[in-house]
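[1] Please find the sequence and the predicted model below.
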Amino acid sequence: MDPSEELVSLYGTHLTRGNLGCFEGSHWIGNEVMDAYCRFLQHEDSGSTKLFISPYLAEIMVQSKPKKLAKDSILNQYERFLYDTTIPYG
């Protein structure tokens, strides 16, 4: 089986057989799987009351110094990692 075969396309993210292989045995779930799940949760939040952030951004935030985590700074510097919150619901 080809690990690069795309099995899931969900809200702008794509998962391959290799990405989903983390569910076999006792492996860590990869960032790609978590990203797809967060995008799913963001889409399902019909009231737009929560913001699910990309695992990539979360990792950057954890490694940053708390003083530098001002809201505007995060939005400006890491905007490309944020999910589109203008997704039409329904």
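    Received it, and whenever you're ready, just let me know what you need.

[2] Give me the distance between the residue most central in space within the chain and residue 2.
    Note on the chain: the residue nearest the mean C-alpha position is residue 35, at 2.5 Å, using Cα atoms, centre = their mean. Distance of residue 35 to residue 2, computed by Cβ to Cβ, to the nearest Å: 21 Å. (C-beta placed from N, C-alpha, C; glycine too.)

[3] and what of residue 37?
    Distance of residue 37 to residue 2, given as Cβ to Cβ: 23 Å.

[4] Kindly report the same for residue 30.
    Distance, residue 30 to residue 2, using Cβ to Cβ: 17 Å.

[5] how about the helices in this protein?
    Assigned by DSSP state H, the chain shows helices spanning 17-20, 31-44, 55-63, 71-77.

[6] Tally up the residues packed near residue 21, please.
    Residue 21: 14 surrounding residues under other Cβ atoms under 10 Å.

[7] And for residue 4?
    When neighbours are defined as other Cβ under 10 Å, residue 4 has 8 of them.

[8] Show the contacting residues for residue 49.
    By Cβ atoms under 8 Å, 6 or more residues apart in numbering, residue 49 lies in contact with nothing.
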